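Q: Return atomic coordinates for the entry below.
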Amino acid sequence: MKDILIHVRDFESRTPAAHFGVRLAAKFGASVTAVYACGEAGYVAPTLRPELMAAIMENMRQLVKDAVQSRQEFVKWAATLGVPQSEWLVAEGDTADALAQAATRHDLLVLDHGDEERGSFWDVPGLILEAGVPCIVVPHHGAHFVPFERVAIGWNGSPEAMRAVHSALPFMQGKQVLLLWGEERGKYQGLEWDPPFNIRAYLEHRGITVEQRMVAAKRDDVGTVLLEEAMRFRADLLVMGAYGRTRFSEWMLGGATRHVLAWSDIPVLLRH
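A: Just a heads-up that it's a prediction; the model follows:
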């Protein structure tokens with residue numbers, strides 16, 4: 001984790017993602033890149049009268065100018081927290097597109113929920129799906145960064161879960177790790193392996209001592225059970241795959257990703 005990307009929703013204040021991401025970078029000796037996306041006025045109101053559109057475009061230009069001028073203050077603030085190498089980027093365009101492009105040169109993306117209530121997602125799910133890198137999502141109430149000493153893993157054998165575990169290896173070295181082992185459904189997609197893959201052996205081979213706990217839950221209760229077990233373990237971080245089903249089916253039917261995003265009180269590392 002040497003290059004951490006942070007989505008900044010507000011250039012005039014320090015958002016939870018900014019606080020968390022910069023302190024995480026300081027812990028790992030990483031650089032940070034903060035991205036603020038302004039959007040494009042033409043996409044917001046393409047049919048307005050010319051004079052109104054001109055006013056909107058002028059406001060947008062001023063917004064971009066003000067956002068760009070926040071760079072020096074952010075870089076100075078990050079340095080005071082122990083991150084001497086930081087960057088501040090302003091994008092004019094779609095937030096998901098901006099983060100997806102920036103993520104191609106980063107190891108991790110840090111997101112937060114904004115000011116919405118717990119039942120509202122804002123666009124966090126879309127950003128996770130588009131980013132292509134592991135994402136840490138800060139809880140709705142925000143979270144002061146504390147070094148991860150106790151890490152819980154939600155494991156179901158899916159490719160998404162494996163990608164999340166692999167991404168989280170730097171956070172698990174020398175820590176207490178709980179493997180919440182649930183039902184594995186169709187993990188090999190028609191393949192047979194001899195011997196079959198063993199996630200516990202994989203982790204222990206990398207020097208990570210694992211406590212294993214089998215969990216059972218109906219499909220739509222998985223998120224609830226994962227959070228309950230993680231809290232019982234007093235986890236500082238929950239690691240899990242994101243959207244093993246399609247995003248549409250999770251939205252319509254419920255699902256572990258949706259529930260955890262809405263209700264987790266600890267940071268969650270997710271990967272699609």
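Q: quick one, helices of this protein?
A: 16-28, 41-44, 50-68, 71-80, 95-103, 124-131, 159-172, 199-205, 222-232, 247-253, 256-263 (DSSP state H).
Q: Of all the residues in the third one, which ones are buried?
A: Meaning helix 50-68. 53, 60, 63, 67 (16 or more other CB atoms under 10 Å). No exception for glycine: its C-beta is placed from N, CA and C like everyone else's.
Q: Tell me the one of those residues nearest residue 223?
A: Proximity to residue 223 was ranked across these by CB to CB; first place goes to residue 67, at 35.5 Å.
Q: Any figure for the gap between the closest one and residue 212?
A: For residue 67, the distance to residue 212 equals 47 Å [CB to CB, to the nearest Å].
Q: Switch the buried residues of helix 50-68 over to a markdown table, and while doing so, append distance to residue 113 to every line.
A: Listed next are the buried residues of helix 50-68 as a markdown table, based on distance: CB to CB, whole Å:
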| residue | distance to residue 113 |
| --- | --- |
| 53 | 32 |
| 60 | 25 |
| 63 | 22 |
| 67 | 21 |
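Q: Just name the closest of those to residue 255, please.
A: For the buried residues of helix 50-68, the nearest to residue 255 is residue 67 (35.0 Å; CB to CB).
Q: Could you pull up the residues touching the closest one?
A: Residue 67 is in contact with 11, 36, 38, 90, counting by CB atoms under 8 Å, 6 or more residues apart in numbering.
Q: Now compare these and name the two farthest from each other.
A: 11 and 38 (9.2 Å).
Q: Mutual contacts of those two, please.
A: Counting by CB under 8 Å, 6+ apart, the common neighbours of residue 11 and residue 38 are 67, 90.
Q: Leaving out chain neighbours, which residue sits closest to residue 269?
A: Leaving aside its chain neighbours, residue 269 sits nearest to residue 239 (4.7 Å; criterion: CB to CB, 6 or more residues apart in numbering).
Q: Who are the contact partners of the one you found?
A: 151, 152, 153, 154, 164, 165, 168, 171, 268, 269.
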